[in-house]
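J.: next come a sequence and a model predicted from it.
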Amino acid sequence: MRILLVSPKVTGIGGISRHVSALVERLRRKGLEVEVVSAENTPHIPVKGLYNPSFALTSAVKTLLLRVKRDGFDIVHGHNLPVWLSVKSAPARVEVLTLHGIYSESIRILYGGLAGDIATKLESWMLKRVDAVTCVSPRVCEYYQKIGVKTYYIPNGLDLEKLPREGVRLYERQVVYAGRLSYEKGFDILLEAVRLVDPSIHIVVLGSGLKELEERARRLSKELPNFHYLGFKEHFETLKIIAGSDALVLPSRAEGLPTVILEAMALKVPVIASRIPEITSAFGEPLAVLVEPENPVKLAEAVNNTLMNPPRHMIDRAREKVEREFNWDVITEKYVQLYAEILR
């Protein structure tokens with residue numbers, strides 16, 4: 001089986017890039033031939049607002065040239081809606097698109113209601129024109145099924161063997177945020193909540209993102225002695241700091257299935273997250289401390305209470321569920337079975 005994977009990135013700490021890089025590695029281990037089109041090997045404009053549109057265009061040209069060269073594949077598998085044109089341009093027998101969140105919801109949060117409404121209509125039309133759509137969370141699958149798109153649930157996963165054996169603790173009481181600094185991730189809510197957190201609890205932020213949010217984080221680091229913006233860290237270093245923390249916090253407005261939550265659970269670190277369907281539907285039982293979204297007061301209370309009374313009853317159950325349902329051995333097999341099914 002010959003497979004072409006198309007993704008905006010395959011390196012870095014982002015959830016999509018980690019998902020795709022792990023999938024490439026696992027498929028190759030199974031003896032499948034895999035090629036990749038990504039920003040790492042395709043020209044694009046690395047500027048906010050132009051990154052995704054420029055990659056969508058240049059990657060579509062690249063896959064179209066493969067068609068001209070008659071370099072064919074059994075499967076083309078794209079990740080997230082902006083690569084749809086690249087998927088449609090590729091010389092493949094079957095087209096698969098994986099959704100790592102609800103695209104129109106992200107557009108609505110970033111650009112307002114009108115843009116979100118247009119995106120809703122557009123995504124429905126586009127997704128009905130590929131052979132298979134997979135989603136990383138039950139909530140995302142449910143949303144797209146309601147607008148007439150047949151979906152398959154295949155979640156994000158972890159390679160448990162690559163987790164650190166020891167953590168890094170920077171402060172006596174330490175809560176970590178690890179990920180993109182964006183409004184979808186609710187990072188602005190965390191910035192408001194920090195002022196209400198017990199001063200003995202240190203909030204450590206790892207990641208990069210919107211310049212305005214980075215700047216707010218830098219200013220707050222100078223203002224509050226218990227807030228620390230450390231910027232981007234390599235993935236393994238990030239994991240070690242998560243492992244050494246008392247909790248992970250992720251106050252998202254919209255999500256797919258955050259890999260960082262699975263990583264924290266596998267490392268037996270309590271998770272404090274927004275009570276949004278994308279997160280609650282993924283586990284089927286309370287395995288995280290869930291907080292009303294867009295509420296910095298409740299978020300600060302959850303941080304304070306979690307460190308005062310760690311939810312030990314959740315920690316072992318969360319680790320067991322990750323081992324059973326979210327490891328890459330299981331997930332790779334699901335993808336291979338899907339490929340075989342739609343090729344018949």
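T.: That came in fine, so what should we check first?
J.: give me the mean pLDDT for the lengthiest helix in the chain.
T.: In the chain, assigned by DSSP state H, the helix with the most residues is helix 51-68. Taken as a whole, helix 51-68 carries a mean pLDDT of 92.
J.: now the end-to-end length of stretch 220-240.
T.: 24 Å (Cα to Cα, to the nearest Å).
J.: who touches it?
T.: 12-13, 18, 162-164, 166-168, 170-171, 178, 191, 194-195, 197, 199-208, 214, 217-218, 241, 263, 267 (Cβ atoms under 8 Å, 6 or more residues apart in numbering). Bear in mind the C-beta positions are built from the backbone N, C-alpha and C, glycine included.
J.: how far is it from where the chain is centred?
T.: 19 Å (Cα atoms, centre = their mean, to the nearest Å).
J.: alpha carbons only: can I get the helix or strand encompassing residue 23 in PDB?
T.: Using DSSP states H and E, residue 23 falls within helix 15-29. Output in PDB follows, covering the C-alpha atoms of helix 15-29 (Å, rounded to 0.1, in the frame of the first residue of the first chain):
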ATOM      1  CA  GLY A  15      -1.100  18.300  18.300                       C
ATOM      2  CA  ILE A  16      -1.600  17.800  14.600                       C
ATOM      3  CA  SER A  17       2.100  17.600  13.800                       C
ATOM      4  CA  ARG A  18       2.700  15.100  16.600                       C
ATOM      5  CA  HIS A  19      -0.300  13.000  15.400                       C
ATOM      6  CA  VAL A  20       1.000  13.000  11.800                       C
ATOM      7  CA  SER A  21       4.600  12.300  12.600                       C
ATOM      8  CA  ALA A  22       3.600   9.400  14.800                       C
ATOM      9  CA  LEU A  23       1.300   8.000  12.100                       C
ATOM     10  CA  VAL A  24       4.100   8.200   9.500                       C
ATOM     11  CA  GLU A  25       6.500   6.300  11.800                       C
ATOM     12  CA  ARG A  26       4.000   3.600  12.700                       C
ATOM     13  CA  LEU A  27       2.800   3.000   9.100                       C
ATOM     14  CA  ARG A  28       6.400   2.700   7.900                       C
ATOM     15  CA  ARG A  29       7.100   0.200  10.700                       C
END
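J.: check which helices and strands the helix or strand of the chain with the lowest mean pLDDT sits against.
T.: Among the helices and strands of the chain, helix 277-283 carries the lowest confidence by mean pLDDT, DSSP states H and E, at a mean of 80. Packing partners of helix 277-283 (3 or more Cβ pairs under 8 Å, 6 or more residues apart in numbering; DSSP states H and E): helix 138-146.
J.: what lies in contact with the helix it packs on?
T.: By Cβ under 8 Å, 6+ apart, helix 138-146 touches 99-102, 127, 133, 135, 151-153, 256, 277-278, 280-282.
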